[in-house]
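Visitor: Kindly return the folded structure for what I paste below:
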Amino acid sequence: MTKIAIIGAGFGALTTAKTLRKQNKHVEITMIAPKSEFIYAPSLIWIPSGLRSGDDLRISLDKFLKKYRINFHQGTVTGLQDEGRTVITDTGNISNDALVIASGGRFIKKLPGIEHAITICEGITAAETYRDRLKAMQGGTIAVGFGGNPKEPSAMRGGPMFELLFGLDTQLRREGRRDKFKIVFFNPAPKPGKRLGEKAVGGLLSEMKKRGIETHLGHKMKGFTENSVKTEGGEFHADMILFMPGMTGPAWLANSGLSLSAGGMVKANEYCQAEGAKQVYVVGDSGSFKGPDWMPKQAHMADLQAAAAARNLLDELNGKAASHTFKVELICIVDTLNKGILVFRNIKRTIVLSCKLFHYAKRFFEWLYLREYR
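Guide: Numbers count the residues shown, from 1 in each chain. You can find the predicted model right below:
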């Protein structure tokens, strides 16, 4: 029986597994991850306000694995052997006839003092830490920002930080505490969020001004202390720092034998094939894909890549050439707890709309997406 291994248990991995099984009922599929659970990361932004709890976003994959007849290997990947035909983990090796890497990326934690900043997309624990610290604060300055990977322009995740920024303002106003806090948004780019399009950048900066959020923009990051943010444009005080660093590939890629980009991710073509490797595919944050510099690192993009990769993999196993490509498009709702700013971008157009209903649309999409896994 043909064996297909999938590294990861996130958006790209789950979509790959579903697509493979729907296209072929006979291949043996093994998913490899530290836990058989899925964390719905887009809703981590709602934990600080109490709109969601950790248990709301932590989904067991047992039912999903059983429904799609997927084997699960619990372990942490440490490398590859035999040109990708063997996945090395700390709990044993997994052989395969084809491999999909969907393990996500990791945040670059090189700035001095970065341990003093909370990176909410690291998971539920980070979001709960932020929630608890905010609740205990009587006032002060909260700094919110994000960085990038200079060697991989697309490897940044700014959307959640805009959501945290506006959500923080809304939450403090609801609690009657906004006047006791100063909120500062910082970013090394003079026009942060440029990948969303010029119209979106203008809208985001206008929203900050309207909410009384100060900005510190266009200065390269130097580091952090327990109570300050340091940039080449100066240092400013902060009682709590929320920061999203740029991203790179998982550490085990150094032991994979695969061709990596300067930014540390697997080089991939338009068919999601790992460059120079046979029957090895990559989707989502682990990959470095050719395309416009605004190509997002987000769940929607990972899903589109995963669907293409699964079909191409099966075609390759059947002796056919890969032919399925993926659309490059950005879709996100920047939520503010009381409304949403919809941003859509593809090769042809950019659309930016703001409406209270988009907040509820984001909540509905969460329910719709998770329905299958619950």
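Visitor: Do I have it right that residue 64 meets residue 372?
Guide: Yes: contact criterion Cβ atoms under 8 Å: residue 64 and residue 372 qualify, at 7.0 Å. Where you see a C-beta, it was placed from the backbone N, CA and C, and this is true even at glycine.
Visitor: Neighbour count for those two, which is higher?
Guide: Neighbours were counted for residue 64 and for residue 372 using other Cβ atoms under 10 Å; residue 64 has more, 21 against 13.
Visitor: that's a helix at the more buried one, yeah?
Guide: Yes: the assignment for residue 64 is a helix, going by DSSP: H, G, I helix; E, B strand; the rest coil.
Visitor: Pull the contacting residues for it.
Guide: Residues in contact with residue 64 (Cβ atoms under 8 Å, 6 or more residues apart in numbering) are 14, 38, 70, 372, 373.
Visitor: out of those, who has the most neighbours?
Guide: Most neighbours among the contacts of residue 64, by other Cβ under 10 Å: residue 14, with 26 neighbours.
Visitor: Identify the residues contacting it.
Guide: So residue 14 contacts 38, 61, 64, 373 (Cβ under 8 Å, 6+ apart).
Visitor: now do residue 144
Guide: Residue 144 makes contact with 161, 164, 165, 168, 183, 184, 185, 186, 242, 243 under the criterion Cβ under 8 Å, 6+ apart.
Visitor: what about 10 Å?
Guide: Listed by Cβ atoms under 10 Å, 6 or more residues apart in numbering, the contact set of residue 144 reads 118, 161-162, 164-169, 183-187, 213, 238, 240-244.
Visitor: taking the residues you listed one by one, which sit in helices?
Guide: Counted as lying in helices by DSSP state H, out of these, are 161, 162, 164, 165, 166, 167, 168, 169.
Visitor: so can I have JSON lines of those residues showing distance to residue 348 and pLDDT?
Guide: Below are these laid out as JSON lines (distance: Cβ to Cβ, whole Å; pLDDT from 0 to 100):
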{"residue": "161", "distance to residue 348": "27", "pLDDT": "95"}
{"residue": "162", "distance to residue 348": "24", "pLDDT": "95"}
{"residue": "164", "distance to residue 348": "31", "pLDDT": "96"}
{"residue": "165", "distance to residue 348": "29", "pLDDT": "97"}
{"residue": "166", "distance to residue 348": "28", "pLDDT": "97"}
{"residue": "167", "distance to residue 348": "31", "pLDDT": "97"}
{"residue": "168", "distance to residue 348": "34", "pLDDT": "98"}
{"residue": "169", "distance to residue 348": "33", "pLDDT": "98"}
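Visitor: Can I get those in JSON lines including distance to residue 264 and neighbour count?
Guide: Formatted as JSON lines, those follow (distance: Cβ to Cβ, whole Å; neighbours: other Cβ atoms under 10 Å):
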{"residue": "161", "distance to residue 264": "22", "neighbour count": "26"}
{"residue": "162", "distance to residue 264": "25", "neighbour count": "26"}
{"residue": "164", "distance to residue 264": "26", "neighbour count": "26"}
{"residue": "165", "distance to residue 264": "28", "neighbour count": "26"}
{"residue": "166", "distance to residue 264": "31", "neighbour count": "27"}
{"residue": "167", "distance to residue 264": "31", "neighbour count": "22"}
{"residue": "168", "distance to residue 264": "31", "neighbour count": "26"}
{"residue": "169", "distance to residue 264": "35", "neighbour count": "24"}
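Visitor: which two in those residues are spaced the farthest apart?
Guide: By the measure Cβ to Cβ, 161 and 169 form the most distant pair in these, at 13.0 Å.
Visitor: Tell me the bridge partners for residue 77.
Guide: residue 89 (DSSP bridges).
Visitor: So it is in contact with residue 103, correct?
Guide: Yes: with contact defined as Cβ atoms under 10 Å, residue 77 counts as touching residue 103 (6.6 Å).
Visitor: Mind listing the shared neighbours of the two?
Guide: 7, 8, 32, 33, 250, 252, 253.
Visitor: which of those sit farthest apart?
Guide: 33 and 253 (16.0 Å).
Visitor: For the longest helix along the chain, buried residues please.
Guide: When the chain is parsed with DSSP H, its longest helix is helix 299-317. By 16 or more other Cβ atoms under 10 Å, the buried positions in helix 299-317 come out as 299, 301-316.
Visitor: where do the helices sit along the protein?
Guide: 11-23, 54-57, 62-67, 124-136, 159-174, 198-210, 299-317, 357-370.
Visitor: Go through those helices and name the closest to residue 220.
Guide: Closest among the helices of the chain, using Cβ to Cβ: helix 159-174, at 17.5 Å.
Visitor: Averaging pLDDT per element, find the lowest-scoring helix or strand in the chain.
Guide: Ranked by mean pLDDT, DSSP states H and E, the weakest helix or strand in the chain is helix 198-210, scoring a mean of 89.
Visitor: packing partners for it?
Guide: Helices and strands touching helix 198-210, by 3 or more Cβ pairs under 10 Å, 6 or more residues apart in numbering; DSSP states H and E, are helix 159-174, strand 181-187, strand 214-217, strand 330-335, strand 340-345, strand 350-355.
Visitor: Mean confidence (pLDDT) on the second one, please.
Guide: The reference is to strand 181-187. The average pLDDT for strand 181-187 rounds to 98.
Visitor: And for the fifth one?
Guide: Strand 340-345 comes out with an average pLDDT of 93.
Visitor: Each with direction, which strands does it pair with?
Guide: In the sheet, strand 340-345 lines up against strand 330-335 (antiparallel), strand 350-355 (antiparallel) (DSSP bridges).
Visitor: same check, this time on the third one
Guide: Looking at strand 214-217 with DSSP bridges, its paired strands and their directions are strand 181-187 (parallel).
Visitor: Okay, buried residues for stretch 360-367 please.
Guide: 362, 363, 366.
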